[in-house]
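Trainee: Here is the input, now give the coordinates:
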Amino acid sequence: VQLVESGGGMVQPGGSLRLSCAASGFTFSSYDMTWVRQAPGKGPEWISLINNGGDSTYFADSVKRRFTITRDNAKNTLYLHMNNLKPEDPARYYCARVDWDTGYGAYDYWGQGTQVTVSS
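Mentor: Okay, here's the model as predicted:
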């Protein structure tokens, strides 16, 4: 299993970025996927989840109505569309696979993350 994030970078407040997570080594369309971020000195923060079919999405209040999560199962790729980026959004953003076989939705595989910086 491999998850590789890309698309991070520096953007001005109010700007937009699209993060990608390329998945391989498993049947991507069979798994829910999630995004988690971690800012320096803070714990991980769950921000969004999408079901395996892509028709159900969930967001943390901190990003609701600004971020969108999508997936392309034909391309084995997960996306996070981030709009109206704020000074509190800078973090390293990780995608993770959700394993419901555990009974509680463990995040069993993670990517290496991609850094997002918001600065004027």
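Trainee: how close does the residue most central in space within the chain sit to Ser62?
Mentor: Residue closest to the average C-alpha location in the chain (C-alpha atoms, centre = their mean): Trp35, at 2.7 Å. Distance, Trp35 to Ser62, using C-beta to C-beta, to the nearest Å: 12 Å. Backbone N, C-alpha and C define where each C-beta goes, glycine included.
Trainee: Identify the residues contacting Val98.
Mentor: For Val98, the contact set (C-beta atoms under 8 Å, 6 or more residues apart in numbering) comprises Tyr31, Asp32, Met33, Thr34, Leu49, Gly105, Ala106, Tyr107, Asp108.
Trainee: make it 7 Å
Mentor: Contacts for Val98 (C-beta atoms under 7 Å, 6 or more residues apart in numbering) come out as Tyr31, Asp32, Met33, Thr34, Leu49, Gly105, Tyr107.
Trainee: you'd agree the third one is up against Leu78?
Mentor: So that's Met33. Yes. If you go by C-beta atoms under 7 Å, Met33 and Leu78 touch, sitting 4.8 Å apart.
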